[in-house]
Every structure is written in structure tokens, then in C-alpha cells.
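Trainee: got a sequence here, can you build the structure:
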Amino acid sequence: MTTYEGFITRQTDSVTVLEIDNTSVDYRNCETFKSAISTLVGNNQKHLLVNFEKVSFMDSAGLGVVLYGKRICEGAGGTFAICSVQGYVTNLFKLTNLDRAVRMYPNEEVALASLKPVS
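Mentor: All right, here's what the predicted structure looks like:
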């Protein structure tokens, strides 16, 4: 398990879970979020699941990092997904149609089952 300020990572099979340990993803922490994604993909952890369970607020900077994560993971031949999005953040994803661009799952368990590679 690796920790970035406000973010915790853990490996489950071939998927790396990046848990946001913060109530917001905004201009104050989006560079750390982006750096965590870059570092993970740079270390060949290109299958990422971002857990938004604790997040109740997100601004446009956070949305930009989500798109960046999708682009960098898929560019490396990996996958990018998010889970446990709630309330205001769900509405934000729907208003911006990001819910159509990024794989979204109701919780981590469902996401990991769906992202598990076929043997």
C-alpha cells in the first residue's frame, strides 16, 4: 500500500485501487491526484480503479484529472474506472456527460469483479 497526501493505493490482482481519502477533489489537491495517477501508470500499474466513496465535492479541476486518468491509462493499454460516486459528484458526472465517458460502478466490489481479467 502506498500513500499520497489524501490518497491511498492498494493492489488487488491486476487492478490498482486509488482510494480518495478526502471529502473533496478540487484545485487544492488535484495536482496530487494527477501525480498519483502518473506515478502508478509510470510504474506499469495501468489498470486503475478510483474509489470516490468519501468524496462529497468535486470541481472542474477534479473532472480534468479524471479525464487525464482515463487518457493516460488507456494510452498505456490499461483501463480506468471509478466507483462509489455519490450525491453532488454523481450529478456533476451526469451534467458533464462524464458518466458516459468513464466506466462507473456502484461500489468497489462490483467494479473489481467487472474489471477482473479473464483467465
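Trainee: buried set for stretch 87-98?
Mentor: 89, 92-93, 98 (16 or more other C-beta atoms under 10 Å). C-beta: built from backbone N, CA, C; applies to glycine.
Trainee: gap between that stretch and the chain center?
Mentor: Centroid separation between stretch 87-98 and its chain, computed with C-alpha atoms, centre = their mean, to the nearest Å, is 14 Å.
Trainee: swap in stretch 66-78?
Mentor: 10 Å.
Trainee: distance of the residue most central in space within the chain relative to residue 111?
Mentor: The C-alpha lying nearest the average C-alpha coordinate of the chain belongs to residue 50 (C-alpha atoms, centre = their mean; 2.6 Å). Residue 50 is 10 Å from residue 111, where distance means C-beta to C-beta, to the nearest Å.
Trainee: give me the common contacts of those two.
Mentor: Both residue 50 and residue 111 are contacted by 81, 83, under the criterion C-beta atoms under 8 Å, 6 or more residues apart in numbering.
Trainee: let me see the mean pLDDT of the strand or helix carrying residue 109.
Mentor: According to DSSP states H and E, residue 109 maps onto helix 108-115. For helix 108-115, mean pLDDT rounds to 95.
Trainee: which residues of the protein fall in helices?
Mentor: Using DSSP state H, the helices of the chain run over 30-42, 60-75, 87-95, 98-101, 108-115.
Trainee: just checking, residue 78 touches residue 43?
Mentor: No - the criterion here is C-beta atoms under 8 Å, and residue 78 misses it with residue 43 at 11.8 Å.
Trainee: those two - which one has more neighbours?
Mentor: Higher neighbour count among residue 78 and residue 43: residue 78, with 18 against 10, using other C-beta atoms under 10 Å.
Trainee: excluding sequence neighbours, find me the nearest residue to residue 89.
Mentor: residue 58 (5.0 Å; C-beta to C-beta, 6 or more residues apart in numbering).
Trainee: ok now do that neighbour, which residues does it touch?
Mentor: Residue 58 neighbours (C-beta under 8 Å, 6+ apart): 24-26, 88-89, 92.
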